[in-house]
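[1] got a sequence here, can you build the structure:
(chains A and B)
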There are 2 protein chains.
Amino acid sequence: MEPLKIISLKKTILEDNDQDAEKLRGETLGQHLSYVNVMSSPGAGKTTTILALLHALQREFRCGVMEADIDSDVDARAIRQAGYPSVQLHTGGMCHLDAQMSRQGLAALGTKDLDLVFLENVGNLVCPAEFDTGADLNLVILSVPEGDDKPLKYPLIFSKADAVLVNKMDALPAFDFSLERCRENIRLRAPGLPVFPVSAKTGAGIPEAAAFIAAHVRGRN
Amino acid sequence: MEPLKIISLKKTILEDNDQDAEKLRGETLGQHLSYVNVMSSPGAGKTTTILALLHALQREFRCGVMEADIDSDVDARAIRQAGYPSVQLHTGGMCHLDAQMSRQGLAALGTKDLDLVFLENVGNLVCPAEFDTGADLNLVILSVPEGDDKPLKYPLIFSKADAVLVNKMDALPAFDFSLERCRENIRLRAPGLPVFPVSAKTGAGIPEAAAFIAAHVRGRN
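    Here you go, the predicted model:
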C-alpha cells in the first residue's frame, strides 16, 4: 500500500495569503501609503497607544485607522471622536486579519488622501502572527502587567515585528517586570529589534516611537 | 459627522465561499461524482459510521474518503486499513473546511475512478455549519450520549443538513435520551428532515441510512 497522503490545507492558505500580502504592499507603495499593523494581547492598550501616536504623527502625515474586532465598535468610536478617519472591521469570530481582509478595509476607509493607516489588529498574540496582512510595518505592543517573559511564550509574533512598544511603563512599580529582562528575552527571539518603552497614558516615550514610525513612513512617501 | 462605517469581513468571505461551493457542485456533477459532507461533535462516531456506510455502499459505488482533522491522522489510517482510498486533510487549527479546501482535497484524493466521496469534517457543531463545502449532500450525526436537546442548541447545523443520523442507539438504555423528543426538536429546526436511528457498532439502521444516500448518489450518476 502506498503511504497515506497528508495534505496541509493551512500551509496552502498561508502561501496564497503571503503572495496576496506581497501584492498589497506593492499597491500601497505605488499609492505612497504606509500601512502599519499593530498587534498585541487584549488589554495591552492598543487603542490608547495608537491615539497617542496619531497625535504625534498628524502634524506631518494624513492618518487613518482601521479597527478590527470580533464584534464591538467601541475602539473605532474612540478614534473617530478624536477626529481621525476610521472604519470598524468585524471579523465575525475570526482571530486574525489576512491580506484580502486588509484590502477590503483600506477600500472602505478610502486611502486617496492618506499617507498612513494604522490597523488595530484583533487582540491575540497567536493568529495575527501567522497571517501577513500586507502591512509594511508591524508593531507589537507588550504591556508591563503581562510580564517580561511574553517574548519567550509567543516567539512567532516577536519574530514578525519590526519594533516592540513596551506600554504601561508608568505601572512599573506595581509589577514584577524588568525592562532589562524583557529586552533580553526579545533579543533571544529577534536580535536587533528596536524596543521603545512607552506610556500611552503619560505620553512618555511616545515621541521616540513616533519618530521611528515617521522615518519609515517618509521612506514610502 | 457621517455614521461610522462598519464592514463585516466574514460576510464577504462567506459570500465568496458560497459562490465557490456552488461552482464546485457544478464541477462534481459534471464528473458524475457525489460529495457527501459528514458533520458532528467530536466523538459522535463519524469514522465508525462512515465505515459502516462504506461497507453497505461499496457494492454499488466506487467510494473514497477525505478525513479532515486539525492535526492527527488516526481516522484516515482506519479507513485505509479497511481498503478504501483516503486522504488526510490537516486544517492546522482551523475549525472548518471551505469549498477551496474541499477542491484541494478532492484533487489530492483523485476522483476520476470514484462515484462517491465522503468528507469527515472537523468535529464541531458550529463552524462547519457556516462554511459550505460544496458537498451535494450534508449529513449530521448526533449520538445518544450527547442528548436529545442538541438540535435546540445548534440550530444552524440542523437547518443545513439533508438528513440526521442518530448514532449509538445501542446505548439508549444507559442515557436519558428520547428518540421522540429528539425527532420533535429536529422538526422545530428543520421540518421534514429525514432522521435515521442507527448503531454503527451493531449495524442496526445502517441499511436504511445507506439506502437514502444511494438514492441520492444515483441521481448524480
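[2] for the residue positioned nearest the centre of chain A, give me its contacts.
    The central residue of chain A, meaning the one whose C-alpha is nearest the mean C-alpha position (Cα atoms, centre = their mean), is A:Val38 at 1.3 Å. Under the criterion of Cβ atoms under 8 Å, 6 or more residues apart in numbering or on different chains, the contact list for A:Val38 reads A:46, A:49-50, A:118-121, A:139, A:141. Any C-beta I mention is one placed from the backbone N, CA and C, and that applies to glycine too.
[3] now render the residues you listed as CSV, adding secondary structure and pLDDT.
    Converted to CSV, those look like this (DSSP: H, G, I helix; E, B strand; the rest coil; pLDDT from 0 to 100):
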residue, secondary structure, pLDDT
A:Lys46, helix, 95
A:Thr49, helix, 97
A:Ile50, helix, 97
A:Phe118, strand, 98
A:Leu119, strand, 97
A:Glu120, strand, 95
A:Asn121, coil, 94
A:Leu139, strand, 98
A:Ile141, strand, 97
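[4] tabulate those (a markdown table), appending neighbour count and distance to chain B.
    As requested, the contacts of A:Val38 are exported to a markdown table (neighbours: other Cβ atoms under 10 Å in any protein chain shown; distance: Cβ to the nearest Cβ, whole Å):
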| residue | neighbour count | distance to chain B |
| --- | --- | --- |
| A:Lys46 | 26 | 18 |
| A:Thr49 | 26 | 21 |
| A:Ile50 | 27 | 16 |
| A:Phe118 | 29 | 16 |
| A:Leu119 | 29 | 12 |
| A:Glu120 | 26 | 14 |
| A:Asn121 | 30 | 12 |
| A:Leu139 | 27 | 21 |
| A:Ile141 | 28 | 22 |
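[5] closest one of the residues you listed to A:Ser199?
    Comparing those against A:Ser199 with Cβ to Cβ places A:Thr49 closest, at 9.3 Å.
[6] could you look up the SS state of the residue nearest to that closest one when sequence neighbours are not counted?
    Counting by Cβ to Cβ, 6 or more residues apart in numbering or on different chains, A:Thr49 lies nearest to A:Ala200, which is 4.2 Å off, once chain neighbours are set aside. Put simply, A:Ala200 is coil when judged by DSSP: H, G, I helix; E, B strand; the rest coil.
[7] now do the contacts for A:Ala200.
    Under the contact definition (Cβ under 8 Å, 6+ apart), the residues listed for A:Ala200 are A:45, A:48-49, A:51-52, A:167-168, A:206.
[8] which pair in those residues spans the largest distance?
    Of all pairs drawn from the contacts of A:Ala200, the greatest distance, 14.6 Å, lies between A:Leu51 and A:Lys168 (Cβ to Cβ).
[9] higher neighbour count, those two?
    Taking other Cβ atoms under 10 Å in any protein chain shown, A:Leu51 and A:Lys168 do not tie; A:Lys168 has more neighbours (26 against 20).
[10] ok, that one touching A:Thr48?
    No: here A:Lys168 does not reach A:Thr48: they are 9.5 Å apart, not a contact under Cβ atoms under 8 Å.
[11] what do the two both touch?
    Both A:Lys168 and A:Thr48 are contacted by A:200-201, under the criterion Cβ under 8 Å, 6+ apart.
[12] following the helix or strand of chain A with the lowest mean pLDDT, which helix or strand shows up next?
    The least trusted helix or strand in chain A, going by mean pLDDT, DSSP states H and E, turns out to be strand A:5-8, with a mean of 82. Using DSSP states H and E, the next helix or strand after strand A:5-8 towards the C-terminus is helix A:9-30.
[13] around chain B, which positions in chain A sit nearby?
    With the criterion set to Cβ under 8 Å from any Cβ of the partner chain, chain A comes near chain B through A:1, A:4-13, A:73, A:76-77, A:80, A:86-94, A:97, A:101, A:104-105, A:108-109.
[14] just the buried members of those?
    A:5, A:7, A:9-10, A:13, A:73, A:76, A:80, A:86-91, A:94, A:97, A:101, A:104-105, A:108-109 (16 or more other Cβ atoms under 10 Å in any protein chain shown).
[15] where does chain A have low pLDDT?
    When the per-residue scores of chain A are filtered using pLDDT under 70, the ranges that remain are A:1, A:93.
[16] show me where it has its strands.
    Applying DSSP state E to chain A gives strands spanning A:5-8, A:34-40, A:63-69, A:86-90, A:116-120, A:137-143, A:163-167, A:195-197.
[17] just the angle between the second one and strand A:137-143, please?
    So that's strand A:34-40. Following axes from the mean of the first three to the mean of the last three Cα atoms, to 10 degrees, one obtains 30 degrees for the angle between strand A:34-40 and strand A:137-143.
[18] neighbouring strands for strand A:34-40, and are they parallel or not?
    In the sheet containing strand A:34-40, its partner strands are strand A:116-120 (parallel), strand A:137-143 (parallel), by DSSP bridges.
[19] in it, what counts as buried?
    Residues of strand A:34-40 classed as buried: A:34-40 (neighbour count, 16+ other Cβ under 10 Å).
[20] got a list of what the closest residue to A:Ile186 other than its chain neighbours touches?
    With sequence-adjacent residues excluded and distances taken as Cβ to Cβ, 6+ apart, A:Ile186 is closest to A:Pro151, at 4.7 Å. A:Pro151 sits next to A:142, A:158, A:164, A:182, A:185-186, A:188-190 when contact means Cβ under 8 Å, 6+ apart.
[21] perfect, I'm done here.
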